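# here is the input, now give the coordinates:
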Amino acid sequence: MASPAQYYQSLPFVSMFYGVACLMTTSALYLGLYDPWSIALSYHDVFKRFQAWRLITNFFFLGPFPPFFAIRLVMIVRYGVLLERGPFDKRTAEYVWMLIFGALSLLVMAAVPFLWSPFMAGSLAFMIVYVWSREFPNEQISIYGEVTLKGFYLPWALLALDLIFGAPLNLDIIGMVAGHLYCWWQVRFQGSTLGVSFPLIFVISCLLNMHQHHSF
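Alright, predicted model coming up:
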């Protein structure tokens, strides 16, 4: 059986980096090392004070410690690793693009007031799970050793668990929407440069329009 150090070293780079970054960022907050609002998503601060880092840093805070933090971290590490070792094996750049696509989609959706959240890492984790469920729809998954279901239904099962535990569902839902958009876009424009260029152009256009709106 592999030791924790061996397991850590065996992880694919992107999932390892993102998981560790989320763990360190969330842990540092609970140690009182920084003010959470300094990394939160605030379009007012992005456009009025030019604090562009908020568009990135908000994706590294996973929320309260157990159970929600642990669940989201497992989602990133387990299903992100399965994607990197499966359909994205030797395609690291494409996996990174998937995460960027998801982040950009979530930033656009967060511009809608009732969809906004100061931290979007939980939504990005849900997007990873959603993409995995579409890549492995027939994979058998056990939840807490009590319920077994096909991979296709995993996002909905996790959504139901959050409903039972009283967690807000809007972050889960927009994560699933981002994952669905990515899957649709890949099928629609697979192998085309438009599959990369158009989402970037669209999001940049949206952000510029938001900047003009906030400038008045």
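# which parts of this protein are helices?
4-10, 13-30, 43-48, 54-57, 68-74, 80-85, 92-109, 121-135, 154-165, 170-189, 194-215 (DSSP state H).
# show me where pLDDT drops low in the protein?
Across the chain, the ranges flagged by pLDDT under 70 are 1-2, 64-66, 144-145, 188-216.
# quick one on the thing from earlier: so which of the helices of the chain comes closest to residue 143?
helix 154-165 (6.0 Å; CB to CB). (Glycine included, C-beta is placed from N, CA and C.)
# buried sites along that closest one?
Of the residues in helix 154-165, 154-155, 158-159, 161-162 count as buried by neighbour count, 16 or more other CB atoms under 10 Å.
# on that earlier part again, mean neighbour count, the helices of the chain: which tops it?
Most buried of the helices of the chain, by mean neighbour count (mean count of other CB atoms under 10 Å): helix 121-135, with a mean of 26.
# could you give the angle of it to helix 170-189?
Calculated by axes from the mean of the first three to the mean of the last three CA atoms, to 10 degrees, helix 121-135 forms an angle of 40 degrees with helix 170-189.
# returning to that earlier point: would TSV of the helices of the chain with distance to residue 147 be doable?
Listed next are the helices of the chain as TSV, based on distance: least, CB to CB, whole Å:
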stretch	distance to residue 147
helix 4-10	26
helix 13-30	25
helix 43-48	40
helix 54-57	36
helix 68-74	15
helix 80-85	19
helix 92-109	27
helix 121-135	15
helix 154-165	7
helix 170-189	18
helix 194-215	36
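# wait, which of those helices is closest to residue 142?
helix 154-165 (10.6 Å).
# so how far is residue 49 from the one residue sitting closest to the centre of the chain?
With distances taken as CA atoms, centre = their mean, residue 124 lies nearest the centre of the chain, 1.1 Å away. To residue 49, residue 124 is 24 Å away according to CB to CB, to the nearest Å.
# same check on residue 81?
Residue 81 is 37 Å from residue 49, by CB to CB.
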